[in-house]
Structure formats: structure tokens, C-alpha cells
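S.K.: sequence unknown, structure follows:
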């Protein structure tokens, strides 16, 4: 059984259909990239996958013992977050909240897990640094570590490289790939970046209020819709 | 100096006011960390005005002020929260409208019945004499509850304050937390209002955090510094108020302004040193 199975799903907002005809599945260790214009239904689908919005019709089934709370989520960063007073450790530790249960405070195991994730994104020397004093790329890596602290199986990344400079973006892609390949974490990434869809991910889902394409990224590069979206970039 | 403090402590009503005020200032500063960082500062201000309206009506109707003002403020806090979250109406403008409206209704009710008397003046600018022994007990119990809840929910409060989208995805009911935060803020505002005055109570929520953030860069240090600043500001303010026979609320706010400036200078120096 796959990790996520989406069958004929459609989502509505205020009675208006936002995205429909969704049929795809995500298997263990996949790296799926969801692409599409603004307002094409990407964020709505992410909410559906996280269990924050129920599909109006069709189903989303989580398999292999996965629950929506065990998904590591990297939301789009808000401007107000950038100068938030918090240390790297405090932020990453908050990722382990889903395993806190009814306990009021973090356990030693959770603190250890947080440190491990900080190490995985290469920020161990900065673990006590103030989040607000890090660069944009480093901040994004902190949020990636927080998402990793919440999951062992599946990461959902919403525009992880938006507002990053090319060097930081490349570093972020490298990290995501490493996490996917070497640590066996399934990745679903929402992106504007055609490069990500064609070259980083293993499969692609292209949305425009309905499902335009779903398949491997190699097929996507050859497809009509893929060629158009990738423009001069695909060869 | 010590003689003055000893003299202050010899008045039972002052001891009562100091105890309640200290607890309320502490609660306000802790809740303030979340409220200010979540951009909810205006809610505190709105609540104090609604509280004034409720107190004015209670005093006219002869109801014990706290028993009317606390539920009314809690109800108003939900409304204010909805307003600030709503993207359709301009949240900040709506809050300002509600504040002014509640204040005006309070003034109208009082002036048409008993007339503008010292009670109203006290609600506006605060008086430490207005606290009865029963009120003090209630205040101590409620602020105790606020403090205990704050400590028990500290990790979750951090998560909700830092990133609502992420918290929601991890299964934290963020709306419930916002509502709880607004409720606790209402209780704190009402309790502190009669000492600080409706026009000044929101400063207890806002000043200590902003002061703490001049120096603190981590959440825990900002929280602890904020509590420390609130306690220091309150005690020094009360001392100033006693020595110079000034209104307590205004004295506390003025001390807080001085603390803010001092922290801002210290923060600037700290930044300059670490950058070199």
C-alpha cells in the first residue's frame, strides 16, 4: 500500500471548486514535486494532505500507519517570523510537540532528537544562536530541521526556496535530496521553480484547478505541458 | 528609602494593592509576550476600553464590578479576536471602533445616572484604594490560575506564537489557544484595570515585552526578562507614586518608559560590541 493515496479528490472553498480530479499516489521514498501557478490549488491540496481540510468529494487515504500529525511540515515563512526572538534549539524543539502527548514539558529524548535534526541540517555550531540573526538560508534550514523533528516518514515542503538566493537555494535542494535518498524520508514539495520539478524530484504533479499531469519527472520533461512550463529550460 | 518601604508596608490596603498589582503585572507581562509577538497588542487596548464600559454599567446597576466586567470582557475578547483574524473587515479599524464605542457607552451611562464622579475618574486613571478584600482574594486566585496555565502550556504557547500553520499541522488546536490567550488576557486586564486605569492597563501587557526584546534574542530569555521588567517597573512605580503622591498607573507607565529607554541603549551597545 502507498503512503498516500488520493482518489478523485476535489476541494471547495465557500462552495466554489478550487481544485478537482486529483488522482495520484505517493510511495515510500518518493520525491514528488507539486507545481502550478498561484491559485492553482496547490496550497489547498497541501491542507488536504495535512488533514486540515477534508475533500468535498473523493478520498485521501494515508497508509503504512501514517497519521496526518506525523507529517513534517515546512510552511511558507511569514515576514513577521524573521525577527522573532527564539533560539535555533527552541524552534526545532517545537517540532517534537506532536510526540509530547499530555506531558507539559519536553522530555530528554525530544531534546536529543532536536539536536540530531539540527546536526542533520548542518547548524550544530549555531544551535544556541538567535533565529532572527541567521541568514535567510539558515532560517529555512532551521525550519527544515523542525519539520524533520516531527517526522520519520514524510516531509511536506511549501515553497522551501522562495526568497532564497541561488546559493542558499542550491544548498537547500542538496539537503532535501540527501534527506530523501540517504535517510529514506518521503518528500512532497510545492514549488514555483520548474527546475525543481524537472531535475530534483522523481515525480511531478502539475495542477491548474485540476490535475494536468501526474507521472515521473522524466516523462514530464517530454510531455507537452512539461515543455511549456519548463520553457527554454528543458533540453 | 527603607523607611519609606517600611511605612508603605504598614498600611494593610497598600500591602493588598501591592500583592494584587504584582501578580497582575506578572501575568500581563507573560501573556504580553505571546500577544505582542502574534500582533494582538491592540486586543489588550480594546479590552481595557470594553472593561471600562462594563465597570461603569456595573457601578450604576449596583453589581459587584468584577462579576460583570470579567464575563463581558471575555465575550468581547472573542469578538476582538475574530475581528483581528478577519481579512474582510479591517481588523485594526474595527477594534478601534469597538474601543471608542464601549468607552462612550460607559461615559453616557454614568453621566446620565450618577454623574461623572470619582468612581469614573478612578476607572479611567486607576486608584489603589478601589480594591476591596474580596476583590483581592479573587484577583490573587485568578492570577494564580493564569500563571499556572502559562507554565504548563509553555511549549505549546511557544509553538502557536511562533508559527500557527505549523502548529495546526502538528495537531495543536490553534484557535482554542488563541481563544484561551484572549480569555486570560481579559481576566488580567479587568483585574489590573482598577489599579492602573482603563487608559493605562494595556501598557502592562505591551511595555515589558518590548523592553525585554531590546536585549533578549531567545524566547525564554525574553519571557523571563519581560517578567523581571514588569515586576521592577511595578514596584519602582508604586514607590514613586507613594513618595510623590502621584497616581499609581501613570507612575508605573513612566517607570516603564525609563526602563524601555535604558534597555534600548543597552541593546544598542550590545549589538555594536558583538558586531565588532
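M.R.: Great, that's in hand. Everything numeric in this text was worked out from a predicted model, so none of it was measured.
S.K.: just the element for residue 221, please.
M.R.: Looking at chain A here, since you left the chain open. Per DSSP states H and E, residue A:221 falls inside helix A:217-222.
S.K.: meant chain B, my bad for not saying
M.R.: helix B:219-244.
S.K.: can you pull the buried residues of that helix?
M.R.: Residues of helix B:219-244 classed as buried: B:219, B:221-223, B:225-230, B:232-242 (neighbour count, 16 or more other CB atoms under 10 Å in any protein chain shown). C-beta: built from backbone N, CA, C; applies to glycine.
S.K.: quick one on the thing from earlier: in the helix holding residue A:221, what's buried?
M.R.: In helix A:217-222, counting by 16+ other CB under 10 Å, buried: A:217, A:220, A:221.
S.K.: give me the subset of the buried residues of helix B:219-244 touching chain A.
M.R.: B:219, B:221, B:222 (CB under 8 Å from any CB of the partner chain).
S.K.: show me what contacts the residue nearest to residue A:171 when sequence neighbours are not counted?
M.R.: Nearest residue to residue A:171 in three dimensions, chain neighbours excluded: residue A:137, at 6.2 Å (CB to CB, 6 or more residues apart in numbering or on different chains). When contacts are counted by CB atoms under 8 Å, 6 or more residues apart in numbering or on different chains, residue A:137 touches A:164, A:165, A:167, A:168, A:169, A:171, A:172.
S.K.: buried among these? Need that as a selection in ChimeraX.
M.R.: For the buried members of those, the matching ChimeraX selection, counting by 16+ other CB under 10 Å, is:
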select /A:164,168,169,171,172
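S.K.: and the helix or strand bottoming out on mean pLDDT in chain B, which residues are buried?
M.R.: One helix or strand of chain B scores below all others by mean pLDDT, DSSP states H and E: helix B:118-125, with a mean of 74. For helix B:118-125, a neighbour-count test (16+ other CB under 10 Å) marks B:119, B:120, B:122, B:123, B:124, B:125 as buried.
S.K.: now render the residues you listed as TSV, adding distance to residue B:138.
M.R.: Shown next, in TSV, are the buried residues of helix B:118-125 (distance: CB to CB, whole Å):
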residue	distance to residue B:138
B:119	19
B:120	22
B:122	18
B:123	17
B:124	22
B:125	22
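S.K.: would you list the residues you listed in TSV and tack on distance to chain A?
M.R.: As requested, the buried residues of helix B:118-125 are exported to TSV (distance: CB to the nearest CB, whole Å):
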residue	distance to chain A
B:119	41
B:120	38
B:122	36
B:123	34
B:124	33
B:125	32
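S.K.: show me the shaky parts of the chain.
M.R.: The chain I'm using is chain A. Within chain A, the stretches with pLDDT under 70 are A:1, A:232-235.
S.K.: you answered for a different chain; I wanted chain B.
M.R.: For chain B (pLDDT under 70), the answer is B:86-91, B:115-119, B:130, B:276.
S.K.: any residues of it in contact with chain A? List them.
M.R.: Counting by CB under 8 Å from any CB, the residues of chain B near chain A are B:37, B:39, B:151-156, B:158-159, B:162-163, B:165-172, B:213, B:216-222.
S.K.: can you do 6 Å?
M.R.: When proximity is defined as CB under 6 Å from any CB of the partner chain, chain B approaches chain A at B:152, B:158-159, B:162, B:165-166, B:168-171, B:213, B:216-219, B:222.
S.K.: show me where chain B has its helices.
M.R.: Taking DSSP state H as the criterion, chain B carries its helices at B:2-9, B:12-37, B:41-61, B:65-85, B:91-112, B:118-125, B:133-152, B:154-162, B:164-169, B:174-196, B:201-215, B:219-244, B:248-275.
S.K.: which one of those lies closest to residue A:187?
M.R.: helix B:164-169 (15.5 Å; CB to CB).
S.K.: now the closest residue to residue B:253 other than its chain neighbours: how far from residue B:36?
M.R.: In space, residue B:253 comes closest to residue B:203 once its chain neighbours are excluded; the distance is 4.8 Å by CB to CB, 6+ apart. For residue B:203, the distance to residue B:36 (CB to CB, to the nearest Å) stands at 12 Å.
S.K.: kindly report the same for residue B:190.
M.R.: 19 Å.
S.K.: and what of residue A:91?
M.R.: 18 Å.
S.K.: those two: who's more crowded?
M.R.: residue A:91 (26 against 22; other CB atoms under 10 Å in any protein chain shown).
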